[in-house]
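Engineer: next input, structure requested:
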Amino acid sequence: MLKKYFLILFLAITTLFSSEALIKESYLKSYDYEQMGKYTEAIKVLAPIYKVYPQGYTLNLRIGWLYSLNKNYNSSLKYYQKAHKVNLNSIEPKLGIIKVLLLTKSFEKAESLCNEIMKVDYYNYYANLYSVQSLINENKLDIASKILNKMLVIYPTNIPLLEQLSIIYKKNNNPLLNQLYKDILILDPNNVLVRTNI
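Structural biologist: Sure, this is the predicted structure:
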């Protein structure tokens, strides 16, 4: 009887460690493929794990990310939504969904989802940044400016926020645009947005 118990315990431990090794190896391969820009392969190496853990929060989040990099936005949304269902309180899948909505030019939906996040986390960096990007694309420049003013108080040297401000200044023919460009170049001398606009 004792031998049987130890055999079952041994098999359980062996299965656990082999599962952990498979997960670790698959993730590492996936990261390597992502670095090489081979997003399809990065997704494929996760498929065996997904068969076993289709409700894995991190796994669905990772696959959603890889599909967005691969420009397969419908699949990306599907996996981000699965991750959201696994953890309804998490903001991460919503941010992934917003990123896809921005890439597919669904600005009103992106703005709405950003507002949902900001009701829970008023200063969430990405929700605020993505909201500004959505609002600029919807030509709601006054609202975008208010959000930027709020965020630049706590992130005064943040390049993505300053870039969004420069876009608004340019659209409004604001005379402070050239000074803003100079300020951005002090922080980021090779800034692509500024270099292409001056």
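Engineer: following element in sequence after the worst-scoring helix or strand of the chain on mean pLDDT, please.
Structural biologist: Least confident helix or strand of the chain, by mean pLDDT, DSSP states H and E, is helix 2-35 with a mean of 64. With elements assigned by DSSP states H and E, the helix or strand that comes after helix 2-35 is helix 39-44.
Engineer: so how far is that following helix off the chain centroid?
Structural biologist: In terms of C-alpha atoms, centre = their mean, to the nearest Å, the gap separating the centre of helix 39-44 from the centre of its chain is 18 Å.
Engineer: okay, which residue is most central for the chain?
Structural biologist: Centroid-nearest residue in the chain, with C-alpha atoms, centre = their mean: Gly96, separated by 4.4 Å.
Engineer: okay, strands next: where are they in the chain?
Structural biologist: With DSSP state E as the criterion, the chain has no strands.
Engineer: so how many other residues sit close to Gln55?
Structural biologist: 11 (other C-beta atoms under 10 Å). Every residue, glycine included, has its C-beta placed from N, CA and C.
Engineer: touching, it and Ala83? I think so.
Structural biologist: No: Gln55 is beyond contact range of Ala83, at 9.5 Å (criterion: C-beta atoms under 8 Å).
Engineer: residues contacting Cys120?
Structural biologist: Quick fix: residue 120 reads Val, not Cys. Contact partners of Val120, counting by C-beta atoms under 8 Å, 6 or more residues apart in numbering, are Ile91.
Engineer: look up how far Glu108 lies from it.
Structural biologist: Plainly put, Val120 is 20 Å away from Glu108 if you go by C-beta to C-beta, to the nearest Å.
Engineer: do the same with Asn137
Structural biologist: Look at Asn137 and Glu108: by C-beta to C-beta, they are 10 Å apart.
Engineer: tell me which of the two has more neighbours.
Structural biologist: Asn137 (16 against 11).
Engineer: find the nearest non-adjacent residue to the more buried one, please.
Structural biologist: Phe107 (4.6 Å; C-beta to C-beta, 6 or more residues apart in numbering).
Engineer: ok so, going back, so what's the residue nearest to the centre of the chain closest to, chain neighbours aside?
Structural biologist: Tyr80 (4.2 Å).
Engineer: state the distance from the nearest residue in space to Ile143 that is not next to it in sequence to Gln164.
Structural biologist: Spatial nearest neighbour of Ile143, excluding adjacent residues (C-beta to C-beta, 6+ apart): Leu135 at 5.2 Å. Remark: distance between Leu135 and Gln164 (C-beta to C-beta) = 9 Å.
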